[in-house]
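Chemist: My questions are about this predicted structure, shown below with the sequence.
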Amino acid sequence: MLLIRNADVFAPRPLGLQDLLLGAAKILWMGPGRELPELPAALRAATQTVDLAGARLIPGLIDGHVHVTGGGGEAGFRTRVPALPLSRFALSGVTSVIGLLGTDDIARSPRELLAVVYALREEGLNAWAYTGGYHVPPATLTGSVQSDLVFIEAFLGIGEIAISDHRSSQPTLEELLRLAASAHVAGMMANKAGILHLHVGDGTRGLEPVRRALAESELPPRVFQPTHVNRRRALFDEAIDLAKKGCTVDVTAFPVADGEDAYGAADAVRRFLAAGAPPELITVSSDAGGCLPCFDAHGHVTRMEVGSAGALLQTLRDLVAQGLPLDQALPPFTCNPASLLRLKGKGVIATGADADLVALDATGSAQTVIILGQVHVQGGRAVCRGTFEP
């Protein structure tokens, strides 16, 4: 049992000062401290108390695009990024991750991806995954994406299938429709999200394949989730129009240089909201562990960076610093991905919800992080570490 006192709760909506009682990985009770139910003596003795002294308490961040096995490999085997350790997520306020394969769905496999997801779960993190990778036909565990989704609990959808990118397998409209239909039907059968998570590259086709798929099929827009949509400004304009048709679009929190033809994640979120697009249809992810390469005209890597799990919390800080109220800034990191991915009990602070919580210090950094009722970060320092972390 864990009793949290004097928390300024954003659920994401602001609830003011509250006390919370946590147990069995859930929020058992929340309310003013004077209304705290009387606990039996044995429970009182076993209850740890954390006084947040008025610090802001938010739902744990949900990172919907993470290379948990490590990404990269586009410039040789030495450029394969290693897997991220547990504390890297917790220190960044991330309590749930969705793992995936990218360009390298050959040397890396769904077997390895699933093993890393299960390892992160054993270490205390909420973790799921997408089956497949950049290429069509997609890499699978059971031989088909449909059976992967129906029979393997940790798989929520298919992704990241690459479109409008020189690294993709150049999927046809028919192939995209077949994959989207497989995700949709398998999702219905297994009561899962069943989405097609689409990597969108720098190609001039942009989101045209998704627009055609919506126009020429009966599939609901919610099945398609394009990501990296802020990598070009014109592409982001396309994404806003697509969201107005019912698709959830995903902004990537990657670094953007001055004068670059791209929008930083915070700028993209503000522009999306200002454009009158449905505020529940935008998410922000980090691409943590993924390679962020730059290519020359011949397709050669000229430089590369690695996505950071801390990019989500930094984007949230930027949004608040730019004047967006915290309760309006939070949904793309919390309740929006939870709703899209059908993660029951995630993305909100409420009685009966999962006890995934982040207390922010005055600078907006993670002061205390609780995952499924267990304290992972206290005083800004990791108190839980992965099996092979020092």
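Modeler: Structure's in. What do you need?
Chemist: List the contacts of the one helix or strand residue 313 maps to.
Modeler: Here residue 313 sits within helix 311-321, counting by DSSP states H and E. For helix 311-321, the external contacting residues (CB atoms under 8 Å, 6 or more residues apart in numbering) are 61, 63, 92-94, 253-254, 264-266, 269-270, 284-288, 326, 329-330, 333, 363-366. (Each C-beta comes from the backbone N, C-alpha and C, glycine too.)
Chemist: quick one: that helix to chain centroid distance?
Modeler: 15 Å (CA atoms, centre = their mean, to the nearest Å).
Chemist: same thing with stretch 202-210?
Modeler: 23 Å.
Chemist: List of residues touching it?
Modeler: So stretch 202-210 is in contact with 163-166, 171, 173, 176, 198, 200, 224, 226, 229, 231-232, 234-235, 238-239, 242, 247, going by CB under 8 Å, 6+ apart.
Chemist: Give the buried subset of those as a ChimeraX selection command.
Modeler: Paste this into ChimeraX to select the buried members of these, with burial taken from 16 or more other CB atoms under 10 Å:
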select :163,164,165,171,176,198,200,224,226,229,231,232,235,238,239,242,247
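Chemist: taking the contacts of stretch 202-210 one by one, which sit in helices?
Modeler: 173, 176, 234-235, 238-239, 242 (DSSP state H).
Chemist: Restrict the contacts of helix 311-321 to the buried ones and give me that as a ChimeraX selection.
Modeler: Selection of buried members from those for ChimeraX, criterion 16+ other CB under 10 Å:
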select :61,63,92,93,94,253,254,264,265,266,269,270,284,285,286,287,288,326,329,330,333,364,365,366
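Chemist: Return the per-residue confidence for the residue located most distally from the centre of the chain.
Modeler: Distance from the C-alpha centroid of the chain, by CA atoms, centre = their mean, peaks at residue 41 (40.4 Å). Per-residue pLDDT puts residue 41 at 80.
Chemist: Same question for residue 300.
Modeler: 69.
Chemist: quick one: residue 19 and residue 4, what's the gap?
Modeler: Separation of residue 19 from residue 4 (CB to CB, to the nearest Å) stands at 6 Å.
Chemist: between the two, which one's more packed in?
Modeler: Remark: of residue 19 and residue 4, residue 4 carries more neighbours, 25 against 21, as counted by other CB atoms under 10 Å.
Chemist: The more buried one touches residue 27, doesn't it?
Modeler: No - Residue 4 is beyond contact range of residue 27, at 9.3 Å (criterion: CB atoms under 8 Å).
Chemist: Spit out the residues that contact these two alike.
Modeler: The contact lists of residue 4 and residue 27 share 20-21, where a contact means CB under 8 Å, 6+ apart.
Chemist: show me what contacts residue 91?
Modeler: Per CB under 8 Å, 6+ apart, neighbours of residue 91: 309-310, 366, 369, 377, 380, 382.
Chemist: switch to 6 Å and redo it
Modeler: Neighbour list for residue 91: 377, 382 [criterion: CB atoms under 6 Å, 6 or more residues apart in numbering].
Chemist: And it, how far from residue 312?
Modeler: To residue 312, residue 91 is 12 Å away according to CB to CB.
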